[in-house]
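>>> fold the following, please.
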Amino acid sequence: MLAGGDVVVLSGAGLSTESGIPDYRGPSGALVRTSPMTYQTFTGDPVARRRYWARSFLGWRRMAQTRPNAGHRAVAELQRRGLVGGVVTQNVDGLHQAGGADRVVELHGSLAKVTCLACGDLTSRTELDRRLGWANPQFDARVTAINPDGDVDLSDQEVDRFRMVECAACAGDTLKPDVVFFGETVPVDRVQRCFALVESARLLLVLGSSLTVMSGRRFVIRAAKLGIPVVIVNQGPTRGDGYSALNIDAPLGVVLSELVRLTAVPPGAAPVAAGSPLGG
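Numbering: from 1, shown residues only. Reported below is the predicted structural model:
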């Protein structure tokens, strides 16, 4: 199925677990032990906003050290071979691009950018980290695990020691990572770009997503309505299983590395033809 080309990938948090970033609902599901920040809480509660940035200040430094795994590198290699076109990712970690992929639409934004809700100024997370470091030269805590959205667990006493900084452009106090929080709406133009990619695909390949929320599941539903085959590779069941032509329950790094091996074209050989055992 893959060897026919024109494949669009829809990836979720399960693709990054092998890089040390837990997902929310899979085998390492973080929802079991923590609740994610919601947009309503972040914008409406200055104390919660300060708590988020204290936790994220330490978490970002761990997140920035994560590296793409075999799954990310395999997707990039399949792109280079002309089999995979665009990638729609629900992840905010930037590991697809770090692994060599391009034509990546970050559905939920990127932790590497920071926006000001007051004036709209967009800056790099690296710059904010530098400013926060100046404001909190002694702020440190023992980090044992990172959460899927890039923060860590801290006690109230540790949070109380943290000093937030203002927007460098307008001095506002509503800096926010440029990601879509739970309860927030994905920008319409970004959603339309993703729909356009899916609608032009010959195959939709879902990687590491439980498809629990409609944000990602809608693309699977659209593909199924258009008669575009859907293949899902994920550890555990998904809410898209009823729409798929094939489900594979296995580690992403193993499966994708094997796909790369199976779709290798020897030098001088013709590409696999449609109708052959690999061509489908």
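
>>> C-alpha only now, for contacts and for neighbours.
OK.

>>> where does the nearest residue to Glu199 once chain neighbours are set aside land in three-state SS?
Ranked by C-alpha to C-alpha, 6 or more residues apart in numbering and with sequence neighbours excluded, the top spatial neighbour of Glu199 is Ala223, at 6.7 Å. With DSSP: H, G, I helix; E, B strand; the rest coil as the basis, Ala223 sits in helix.

>>> do you know how far Ala223 is from Leu256?
Remark: distance between Ala223 and Leu256 (C-alpha to C-alpha, to the nearest Å) = 22 Å.

>>> again with Gln192
28 Å.

>>> looking at those two now, which is surrounded by more residues?
Using other C-alpha atoms under 10 Å as the criterion, Gln192 and Leu256 rank with Leu256 on top: 21 against 11.

>>> right, and the more buried one touches Val75 too?
Yes - the criterion here is C-alpha atoms under 8 Å, and Leu256 meets it with Val75 at 7.4 Å.

>>> burial check on Arg62, number of neighbours?
Counted with other C-alpha under 10 Å, the neighbours of Arg62 add up to 18.

>>> is it fair to say it lies in a helix?
Yes - judged by three-state DSSP, Arg62 forms part of a helix.

>>> mind starting the numbering at 468 from now?
All set: I'll call the first residue 468, so the last point we hit is now Arg529.

>>> tell me the confidence at it?
If you check Arg529, the pLDDT there is 81.

>>> what does Trp520 give?
Trp520 is given a pLDDT of 93.

>>> which residue, other than its chain neighbours, is closest to it?
Trp520's closest residue in space is Met631 (C-alpha to C-alpha, 6+ apart), at 7.3 Å.

>>> where in the stretch 518-667 of the chain is pLDDT low?
Within the stretch 518-667 of the chain, the segments meeting pLDDT under 70 span 608-618.

>>> would you map the strands across it?
When assigned using DSSP state E, counting those that start in this stretch, the strands of the stretch 518-667 of the chain occupy the ranges 551-556, 571-573, 576-583, 589-591, 642-646.

>>> deepest of the ones you listed, which one?
Mean neighbours per residue, mean count of other C-alpha atoms under 10 Å, is largest over the strands of the stretch 518-667 of the chain for strand 551-556, with a mean of 25.

>>> how far off centre is that one?
Relative to its chain's centre, strand 551-556 lies at 12 Å (C-alpha atoms, centre = their mean, to the nearest Å).

>>> with just CA atoms, put it into PDB.
The C-alpha coordinates for strand 551-556 follow below in PDB (Å, rounded to 0.1, in the frame of the first residue of the first chain):
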ATOM      1  CA  VAL A 551       5.300  10.200   1.500                       C
ATOM      2  CA  GLY A 552       4.300  13.700   0.700                       C
ATOM      3  CA  GLY A 553       3.000  15.900   3.400                       C
ATOM      4  CA  VAL A 554       3.000  15.300   7.100                       C
ATOM      5  CA  VAL A 555       0.200  16.500   9.500                       C
ATOM      6  CA  THR A 556       1.400  16.200  13.000                       C
END
